[in-house]
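Enquirer: Quick one: sequence and predicted model below, then my questions.
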Amino acid sequence: KQEVTQIPAALSVPEGENLVLNCSFTDSAIYNLQWFRQDPGKGLTSLLLIQSSQREQTSGRLNASLDKSSGRSTLYIAASQPGDSATYLCAVANAGNMLTFGGGTRLMVKP
Amino acid sequence: NAGVTQTPKFQVLKTGQSMTLQCAQDMNHNSMYWYRQDPGMGLRLIYYSASEGTTDKGEVPNGYNVSRLNKREFSLRLESAAPSQTSVYFCASSLDRGKVETQYFGPGTRLLVL
């Protein structure tokens, strides 16, 4: 059974800092890995999707990497802003595009 | 283009009552999913539907039933609600199951079972 772990569970940083969120998974036979953002009381918004054959994906200030062999992914956020405050969820897709989610990292960026 | 919509947004039930959560998508997606989110446990898949007319169990299907009414709509039914079903329920859709597809999520339904 796939298990996904995100560390840390919560993170507080001052505005402008670069930061890294971590995700690890136990079964390397994945189709893809996705990073989502969730604002309080809202649904999930997809940020980045990395296919199993890829090493990284970039979107604006976000960069996600994937190391299948070690079962790890990182989400790098450059020059953090207060608007980046949210919960970030990592999810891996196994057969059938069914997602297994981590518990999330709650990020607070202080002005 | 509304994406994925869910009704109701919030519901309070008494133990033993039944209700149906509604989900609809207007993106012409083939696959639809129901998840529940509990504090500290992330999202867990309840049921999914790869295409109209098909449904399959996910990780936590007990106590739930689903209906893929047509390509747009996928409902989740609680026949006899229990306090353990207090949660936030999310519906999602993707273009094709089995491929590398992003899932698009609705805003969620918050359910409290007393």
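Expert: Yep, it's here.
Enquirer: ok, the residue in chain A positioned nearest to chain B - how many residues close by?
Expert: Per CB to the nearest CB, residue A:101 is where chain A lies closest to chain B, at 3.7 Å. Quick note: C-beta positions are derived from backbone N, CA and C, even for glycine. Using other CB atoms under 10 Å in any protein chain shown, residue A:101 has 22 other residues around it.
Enquirer: How about residue B:107?
Expert: What residue B:107 shows, counting by other CB under 10 Å, is a neighbour count of 18.
Enquirer: With adjacent residues omitted, what lies nearest to it?
Expert: Distances taken as CB to CB, 6 or more residues apart in numbering or on different chains place residue A:43 nearest to residue B:107, at 4.5 Å, with adjacent residues excluded.
Enquirer: How much space separates the one you found from residue A:2?
Expert: Between residue A:43 and residue A:2 the computed distance is 23 Å (CB to CB, to the nearest Å).
Enquirer: Could you list the low-confidence segments of chain B?
Expert: B:97-100 (pLDDT under 70).
Enquirer: tell me the centre residue of it?
Expert: residue B:34 (2.8 Å; CA atoms, centre = their mean).
Enquirer: tell me the contacts of the residue sitting furthest away from the middle of chain A?
Expert: Taking CA atoms, centre = their mean, the residue of chain A most remote from its mean C-alpha position is residue A:111, at 22.6 Å. Residues in contact with residue A:111 (CB atoms under 8 Å, 6 or more residues apart in numbering or on different chains) are A:15, A:82.
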